[in-house]
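Q: Need a 3D model of the sequence below.
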Amino acid sequence: MKLIILDRDGVINYDSDDYIKSVDEFVPIPGSLEAIVRLNRAGYHVYVATNQSGIARGYYDEATLQQMHDKLRELLAAQGGRVDGIVYCPHGPEDQCDCRKPLPGLLERIAHLSDHPLENVPVVGDSLRDIESARAVGATPYLVRTGKGERTLAKGEGLEGVPAYADLARFVDDFLTNEDG
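A: Modelled structure (predicted):
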């Protein structure tokens with residue numbers, strides 16, 4: 001089985017410093033859905049790992065989050081694509097959980113759900129916490145410039161050896177081309 005893990009906000013959909021709090025605010029980044037479909041067609045199982053501290057902060061509830069994920073699944077299905085699983089951390093930074101990235105809990109949950117080891121599995125994110133969680137499980141991190149990616153690059157800390165791409169579509173272009181040879 002071929003596996004790839006994506007962060008959500010800033011990778012698949014537009015992000016906001018004010019949080020994505022409703023289905024209407026969940027807007028895919030141009031090309032991101034098509035990129036996921038291309039990964040599916042290349043035989044990849046796509047999982048999403050996302051921090052959703054807006055739940056702990058009271059900005060939205062888990063039912064609203066589920067509606068956002070239903071919208072993502074419907075938009076992908078309309079193009080012949082899918083995500084195989086979505087795991088999220090509903091906790092805030094002060095909650096002392098083990099699932100909030102940069103901790104590896106979400107990725108370990110994906111390893112369990114997919115019954116697939118994470119060593120060298122591609123993990124695409126837009127923040128240092130995505131990179132750190134990937135490294136913690138032996139996965140291979142990639143950064144996109146969308147979402148918080150430009151800010152992450154500007155800080156320049158902890159990104160040694162991490163390739164950066166304009167967006168998810170560009171990452172998938174390069175990734176699938178290099179996979180083919």
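
Q: Name the next helix or strand downstream of the longest strand seen in the chain, please.
A: Identified as the longest strand of the chain according to DSSP state E is strand 44-51. Next helix or strand after strand 44-51 toward the C-terminus (DSSP states H and E): helix 62-77.

Q: Show me what counts as buried in that following helix.
A: Using 16 or more other Cβ atoms under 10 Å as the test for burial, helix 62-77 gives 64, 65, 68, 69, 71, 72, 75, 76. (Each C-beta comes from the backbone N, C-alpha and C, glycine too.)

Q: ok, now stretch 169-181?
A: Quick answer for stretch 169-181 (16+ other Cβ under 10 Å): 169, 170, 171, 172, 173, 175.

Q: for stretch 155-172, same thing?
A: By neighbour count with 16+ other Cβ under 10 Å, stretch 155-172 contains the buried residues 162, 164, 165, 167, 168, 169, 170, 171, 172.

Q: now for the longest strand of the chain, which elements pack on it?
A: Using 3 or more Cβ pairs under 8 Å, 6 or more residues apart in numbering; DSSP states H and E, the elements in contact with strand 44-51 are strand 2-6, helix 32-41, strand 85-89, helix 105-114.

Q: can you give me the offset of it from its chain's centre?
A: When distances are taken as Cα atoms, centre = their mean, to the nearest Å, strand 44-51 is centred 6 Å away from the chain's centroid.

Q: From the chain's centre, how far out is stretch 27-36? Work that out for me.
A: On Cα atoms, centre = their mean, the centre of stretch 27-36 falls 12 Å from the chain's centre.

Q: for the record, mean pLDDT for that stretch?
A: The average pLDDT for stretch 27-36 rounds to 98.
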